[in-house]
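Enquirer: turn this into a structure:
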Amino acid sequence: MSQINFAQPRHDWTLDQVEALFDLPFMELVFQAATVHRAGFDPSEVQLSQLLSVKTGGCAENCGYCSQSAHFKTGLKAEKLMDADVVIAKAREARDGGAQRFCMGAAWRELKDRDLPKLAAMIGGVKALGLETCATLGMLTPEQAKSLKDAGLDYYNHNLDTGPEYYGDVVSTRTYQERLDTLAYVRDAGMSTCCGGIVGMGEQRRDRASLLHQLATLPAHPDSLPINGLVPVSGTPLGDKVLKEGQIDSIEFVRTVAVARIVCPKSMVRLSAGRDEMSRELQALCFLAGANSIFVGGKLLTTPLPGQDEDSALFQDLDLRPMGVKAAAPEAVAAE
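Expert: Residues are numbered from 1 along each chain as shown. Take a look at the predicted model:
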């Protein structure tokens, strides 16, 4: 593959070009991704976000990986939308624990207008704490997107999950175009987009390339690009499939992070679900390959995350620091 100028974001990637990046020798791919990363970010900084499930379970979608789907028996009990004051208290705890962005997730197929006032109170309260605000609430209408923006929402998460070719094996209750439409409504309302996908669902490399091709050819690249490693849940079709056939290879996961960094050079590439099962060495490789955002807080919706002590130790050993925090001055070396 000929050398490509990665200095500026481009939106004319072909699927074959993205797949060719995956096919690069591993060391060359990681080197190129690290070079792109350093051109736009401080490689020692990592953004810390925390995600709270404000409405858990009972979702009408049949996403084959999800423990919250009403279609599958996973032992998860459906709950009502949390009160705003409880959410704001959780956000305060997250901020005091070092989080810089607070994300609120609801297990809905689409947002209902009746829930907008309570959500607006949550968003406004979290925003008042000095945190960036993010929400994932299912499909939106243009009017709902504008209402969320007016309430103070900074980011809206709406993942594509996978490439369009594999999408039918993942979910049938929502079309790929409906996902793209919601992203368009979010952009048109003036909010930042958070959009990525899940790897390790039984898809092939070309499907992972196709997901990143979709993201790289959007009218605007995602401001945040979460890469989730499937955490297989027994009772879900894809979870059972992966438990039987095995999870994605670690090196292939790093390749996915590296290609995401190259094709979306200005995006925050986030290690999301699955990080609790990653070794310290695998996480270090992902940071080297351009990941610069993680979820913290011990839990991601219904799946576990590393604890604060583990993350603090990892940051210390890798000489990383939370984004926006100044590096400590080097200690003076005493003369012998």
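
Enquirer: mind listing what's buried along the lengthiest strand in the chain?
Expert: Ordering each strand of the chain by length in residues (DSSP state E) puts strand 45-55 first. Neighbour-count burial for strand 45-55 flags 46-55 (criterion: 16 or more other Cβ atoms under 10 Å). Placement of C-beta: from N, CA and C, glycine included.

Enquirer: quick one: end-to-end distance for stretch 280-295.
Expert: With Cα to Cα, to the nearest Å as the measure, stretch 280-295 spans 15 Å from end to end.

Enquirer: cool, and stretch 196-205?
Expert: 16 Å.

Enquirer: coming back round to it: can you put the buried residues of strand 45-55 in a markdown table and add pLDDT and distance to Thr173?
Expert: Converted to a markdown table, those look like this (pLDDT from 0 to 100; distance: Cβ to Cβ, whole Å):
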| residue | pLDDT | distance to Thr173 |
| --- | --- | --- |
| Val46 | 94 | 35 |
| Gln47 | 91 | 32 |
| Leu48 | 89 | 33 |
| Ser49 | 87 | 27 |
| Gln50 | 88 | 28 |
| Leu51 | 87 | 23 |
| Leu52 | 89 | 24 |
| Ser53 | 87 | 20 |
| Val54 | 86 | 21 |
| Lys55 | 82 | 18 |
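
Enquirer: what's the closest of those residues to Ser172?
Expert: Lys55 (22.5 Å; Cβ to Cβ).

Enquirer: with adjacent residues omitted, what lies nearest to Ala289?
Expert: Excluding the flanking residues, the one nearest Ala289 by Cβ to Cβ, 6 or more residues apart in numbering is Ala258, at 3.9 Å.

Enquirer: which residues of the stretch 101-250 of the chain fall in strands?
Expert: Ranges of strands within the stretch 101-250 of the chain are 101-106, 132-136, 155-157, 192-194, 197-199, 224-229, based on DSSP state E, counting those that start in this stretch.

Enquirer: so the residue nearest to Ala289, which of the three states?
Expert: helix (DSSP: H, G, I helix; E, B strand; the rest coil).

Enquirer: tell me who's in contact with it.
Expert: 21, 29-30, 32-33, 289-290 (Cβ atoms under 8 Å, 6 or more residues apart in numbering).

Enquirer: closest one to Arg187 out of those residues, please.
Expert: Nearest to Arg187 among the contacts of Ala258, with distances taken as Cβ to Cβ, is Gly290, at 23.4 Å.

Enquirer: follow-up on the earlier one: which members of the contacts of Ala258 occur in helices, if any?
Expert: 21, 29-30, 32-33 (DSSP state H).

Enquirer: any chance of those in JSON lines with distance to Ile123 as columns?
Expert: JSON lines is the format used below for the ones in helices among the contacts of Ala258 (distance: Cβ to Cβ, whole Å):
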{"residue": "Leu21", "distance to Ile123": "37"}
{"residue": "Leu29", "distance to Ile123": "39"}
{"residue": "Val30", "distance to Ile123": "38"}
{"residue": "Gln32", "distance to Ile123": "38"}
{"residue": "Ala33", "distance to Ile123": "34"}
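
Enquirer: ok now do the residue nearest to the spatial centre of the chain, which residues does it touch?
Expert: Nearest to the mean C-alpha position of the chain, counting by Cα atoms, centre = their mean, stands Pro226 at 2.1 Å. Pro226 makes contacts with 157, 159, 194-197, 270, 272, 293, as judged by Cβ under 8 Å, 6+ apart.

Enquirer: what about 6 Å?
Expert: When contacts are counted by Cβ atoms under 6 Å, 6 or more residues apart in numbering, Pro226 is found next to 196, 270, 272.

Enquirer: from those, pick the one nearest Leu243.
Expert: Ser272 (20.0 Å).

Enquirer: was I right about the closest one contacting Asn228?
Expert: Yes. Counting by Cβ atoms under 6 Å, Ser272 touches Asn228, with 4.4 Å between them.

Enquirer: more neighbours: those two, which one.
Expert: Ser272 (27 against 23; other Cβ atoms under 10 Å).

Enquirer: how close does that one sit to Ser172?
Expert: 24 Å (Cβ to Cβ, to the nearest Å).

Enquirer: likewise for Ala289?
Expert: Taking Cβ to Cβ, one finds Ala289 at 33 Å from Ser172.

Enquirer: more neighbours: which of those two?
Expert: Ala289 (27 against 12).

Enquirer: now for that one: which residues touch it?
Expert: Counted by Cβ under 6 Å, 6+ apart, Ala289 has contacts 30, 33, 254, 257-258.

Enquirer: do that again at 10 Å, thanks
Expert: 26, 29-34, 36-37, 253-262, 269 (Cβ atoms under 10 Å, 6 or more residues apart in numbering).

Enquirer: list only buried entries from those.
Expert: In these, the ones that pass as buried (16+ other Cβ under 10 Å) are 29-30, 32-34, 36-37, 253-262, 269.

Enquirer: picking up where we left off before, looking at the contacts of Ala258, which is nearest Leu211?
Expert: Leu21 (13.0 Å).

Enquirer: you'd agree the closest one is up against Ala209?
Expert: Yes. Using Cβ atoms under 10 Å, Leu21 makes contact with Ala209 at a distance of 7.8 Å.
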